[in-house]
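Participant: below is the sequence, then the predicted model.
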Amino acid sequence: MTDFDYARLIYLVLLGGAILMWFFAQNRASFGKLTQQALVWGLIFVGVIAAVGLWDDIRQTVRPTQTILAQDNRIELPRAPDGHYYLTAEINGTPVRFVVDTGASQIVLTRSDAARAGIDTAALAYIGRANTANGTVRTAPVRLDSIAIGPIRDTRVRAVVNEGAMDHSLLGMDYLQTFSSVEIGGGKLVLTR
């Protein structure tokens with residue numbers, strides 16, 4: 001800290017002390033009640049600071065996670081609070097979070113997910129078209145070296161990279177049809193191979 005910072009700190013401490021002394025002098029008749037209220041507000045302040053600091057941990061604890069049952073080649077996905085089913089798959093060895101989308105016909109990767117999985121998005125030819133809720137977008141066909149979900153692994157899988165803006169990659173029907181059973185019920189999605 002510089003001398004200027006020390007001077008400012010001393011000034012703020014003196015100013016805060018003067019305000020506190022005036023406040024206690026004005027409320028000396030009800031000092032017990034004042035102390036009780038100060039403690040309550042102090043605890044509220046500490047609680048808010050703790051909640052803000054631990055928010056990411058709280059959210060991870062409350063959010064349901066993907067459960068992979070390796071012995072039965074079953075994948076159970078809990079329904080997220082937003083009503084969707086999310087699945088993390090390894091594309092070419094890179095974890096990618098997907099929305100399981102029965103309305104999508106193919107595996108659709110965002111440009112950023114495709115780049116993270118080692119696909120050169122600048123060299124892609126966006127020759128395909130897809131009709132989405134946001135209108136028509138251009139897509140580029142790609143072949144994924146591998147896609148793995150827990151013990152289930154497939155190679156040389158066809159997919160497309162979406163040129164438009166997307167929040168999440170989509171796991172569509174072309175891939176879902178490789179499972180012998182796709183069941184939705186009881187707040188979960190179960191994929192069985």
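Facilitator: Noted; the coordinates are in hand.
Participant: which strand runs longest in the protein?
Facilitator: With DSSP state E setting the assignment, residue counts place strand 135-149 as the longest strand in the chain.
Participant: OK, contacts around I119?
Facilitator: Applying CB atoms under 8 Å, 6 or more residues apart in numbering to I119 gives the contacts N92, L109, V142, V161. C-beta here means a position set from N, CA and C on the backbone, and glycine is covered the same way.
Participant: who's in contact with the third one?
Facilitator: Neighbouring residues of V142 by CB under 8 Å, 6+ apart: L109, A114, I119, L124, R158, A159, V160, V161.
Participant: that one and G83, how far apart?
Facilitator: 29 Å (CB to CB, to the nearest Å).
Participant: for the last one, same thing?
Facilitator: To G83, V161 is 26 Å away according to CB to CB.
Participant: about what we covered before: any of the contacts of V142 buried? List them.
Facilitator: L109, A114, I119, L124, A159, V160, V161 (16 or more other CB atoms under 10 Å).
Participant: what about A115, neighbour count?
Facilitator: 15 (other CB atoms under 10 Å).
Participant: can I assume it is in contact with T121?
Facilitator: Yes: the criterion here is CB atoms under 8 Å, and A115 meets it with T121 at 5.2 Å.
Participant: mind listing the strands for the chain?
Facilitator: Under DSSP E, the chain gives strands at 67-69, 74-78, 86-91, 94-100, 108-109, 128-132, 135-149, 152-162, 169-171, 181-185, 188-192.
Participant: which helices and strands sit right next to the shortest one?
Facilitator: The helices and strands touching strand 108-109, judged by 3 or more CB pairs under 8 Å, 6 or more residues apart in numbering; DSSP states H and E, are strand 152-162, strand 169-171.
Participant: hmm, try it at 6 Å
Facilitator: In terms of contacts (3 or more CB pairs under 6 Å, 6 or more residues apart in numbering; DSSP states H and E), strand 108-109 is packed against strand 152-162.
Participant: picking up where we left off before, partners of the longest strand of the chain in the sheet?
Facilitator: In the sheet, strand 135-149 lines up against strand 86-91 (antiparallel), strand 128-132 (antiparallel), strand 152-162 (antiparallel) (DSSP bridges).
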